[in-house]
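K.L.:
turn this into a model:
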Amino acid sequence: MPKLLTFLLVALASWACPAQMRGPDVSGIKNKFLGLPYAEVSDAQKLDIYLPEEGEGPFPLILSIHGGAFKAGDKRDGQLTPMLEGLKRGYAVVAINYRLSGEAVWPAQIYDCKAAVRWIRAHAGEYKLDPDKIAAWGGSAGGHLSAMLGVSGDVPSLEGLALGNPGQSSRVQAVVDWFGPTDFLKMDEQLKESGVANPMAHSVPDSPESELIGKNLEEAPELVKAANPETYISDDDPPFFIQHGLEDPLVPYQGSVLLARKLGAVLGYENVSLELFPATGHGGAAFGMAENLDRVFAFLDRNFNRR
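P.N.:
Below you'll find the model as predicted:
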């Protein structure tokens, strides 16, 4: 079976049930705005806004960034389901698409995410959004992009200001990183150390990460460094909440451990939370359980001074 097909099958299987793979039914959400363009370079540059039914706002918001090996996934697929729980808790949810690796290589993806944040700030009043309370939340590739948003608020080379709203900030005020990759060149070694069954190979030309940067990882260490969240950590980064499965065969948990350690050393460990789940792979039921979502929202509430 080709590596790409194997990867996508495993990634899809990590989302526990068929309903999640199909995506949540958003027809019952009354206050929503779908398919809004935040830039004009690609048809992928669109977002959906969901608002709580109660309250007048402005609402703190969750920026939902989907995963899918940087080459698949959609803003309205099953990965949106846990974020939509925020509507019941007084959060708006803004789900974005971004250019996938088959269309554009790095750093187009982070350019798009930042363009979406700037668009949100420029239109916050129109949609009852709080521009000062934005949390990036995603899994896998979406976790990576969420982490990148968190650490690169002060990195002009990753802004992509030509995509619009250059006068707005692309900073976020909190990050929820679910099993996102960090240093691509270390992934194979870390997966070997983990001892997981059937680990995915990353330092090969057709891996998702090689296709993301446009070159075989081992031939382009500087490009790998430029796509590593660890590269940009600074003392003005927001709080992070990181979760990862210890049996993840696709993205090694060690990357999350190292990211949390480096963030904590700069931000203070009280601003960085790391949770590792035993007997858990790449996503799955452990992440979407009610008790886990309670912990995620407790983190957001605490950092947005909502409790």
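
K.L.:
contacting residues for the closest residue to Glu218 other than its chain neighbours?
P.N.:
Spatial nearest neighbour of Glu218, excluding adjacent residues (C-beta to C-beta, 6 or more residues apart in numbering): Ser203 at 5.4 Å. Bear in mind the C-beta positions are built from the backbone N, C-alpha and C, glycine included. By C-beta atoms under 8 Å, 6 or more residues apart in numbering, the contact list for Ser203 reads Phe184, Leu185, Met187, Asp188, Ser210, Asn216, Leu217, Glu218.

K.L.:
I'd like these laid out as JSON lines, including pLDDT, secondary structure and distance to Glu270.
P.N.:
Formatted as JSON lines, the contacts of Ser203 follow (pLDDT from 0 to 100; DSSP: H, G, I helix; E, B strand; the rest coil; distance: C-beta to C-beta, whole Å):
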{"residue": "Phe184", "pLDDT": "98", "secondary structure": "helix", "distance to Glu270": "29"}
{"residue": "Leu185", "pLDDT": "98", "secondary structure": "helix", "distance to Glu270": "31"}
{"residue": "Met187", "pLDDT": "98", "secondary structure": "helix", "distance to Glu270": "29"}
{"residue": "Asp188", "pLDDT": "97", "secondary structure": "helix", "distance to Glu270": "33"}
{"residue": "Ser210", "pLDDT": "98", "secondary structure": "helix", "distance to Glu270": "37"}
{"residue": "Asn216", "pLDDT": "96", "secondary structure": "coil", "distance to Glu270": "40"}
{"residue": "Leu217", "pLDDT": "97", "secondary structure": "helix", "distance to Glu270": "34"}
{"residue": "Glu218", "pLDDT": "95", "secondary structure": "helix", "distance to Glu270": "38"}
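
K.L.:
among those residues, who's most crowded?
P.N.:
Of all the contacts of Ser203, Phe184 has the most neighbours under the rule other C-beta atoms under 10 Å, reaching 26 neighbours.

K.L.:
what about the nearest residue to that residue once chain neighbours are set aside, how many neighbours?
P.N.:
Setting aside the residues directly before and after it, Phe184 is nearest to Glu209 in space (C-beta to C-beta, 6+ apart), at 4.1 Å. Using other C-beta under 10 Å, Glu209 has 25 neighbouring residues.

K.L.:
equivalent analysis for the one 4 residues further on, please.
P.N.:
Number of residues near Ile213 (other C-beta under 10 Å) recorded here: 21.

K.L.:
now the residue nearest to it when sequence neighbours are not counted: how far from Ser210?
P.N.:
Nearest non-adjacent residue to Ile213, counting by C-beta to C-beta, 6+ apart: Leu223, 4.3 Å away. The gap separating Leu223 from Ser210 is 10 Å, by C-beta to C-beta, to the nearest Å.

K.L.:
next: Tyr50.
P.N.:
From Tyr50 to Ser210 the distance is 35 Å (C-beta to C-beta).

K.L.:
Gly139 too?
P.N.:
21 Å.

K.L.:
now swap in Gly160 and tell me
P.N.:
Taking C-beta to C-beta, one finds Gly160 at 22 Å from Ser210.

K.L.:
do the same with Arg295
P.N.:
34 Å.

K.L.:
check contacts around Phe240.
P.N.:
With contact set as C-beta under 8 Å, 6+ apart, Phe240 has these partners: Ala147, Gly150, Ala174, Val175, Asp177, Leu259, Ala260, Leu263, Leu267, Asn271, Val272, Ser273.

K.L.:
where in the protein is pLDDT low?
P.N.:
1-21, 307 (pLDDT under 70).

K.L.:
mind jotting down where the helices sit in it?
P.N.:
Along the chain, the stretches classed as helices by DSSP state H are 3-13, 18-22, 81-84, 108-122, 141-151, 187-194, 208-213, 221-226, 253-267, 285-288, 290-303.

K.L.:
longest strand of this structure, counting residues only.
P.N.:
Counting by DSSP state E, the longest strand found in the chain is strand 129-139.

K.L.:
for it, packing partners?
P.N.:
If you count contacts as 3 or more C-beta pairs under 8 Å, 6 or more residues apart in numbering; DSSP states H and E, strand 129-139 packs onto strand 59-65, helix 108-122, helix 141-151, strand 174-178, helix 290-303.

K.L.:
so which of the ones you listed is nearest Ala39?
P.N.:
Smallest distance to Ala39 across the helices and strands packed on strand 129-139 (C-beta to C-beta): 4.8 Å, for helix 108-122.

K.L.:
ok, Val155 touching Tyr232?
P.N.:
Yes: the criterion here is C-beta atoms under 8 Å, and Val155 meets it with Tyr232 at 5.4 Å.
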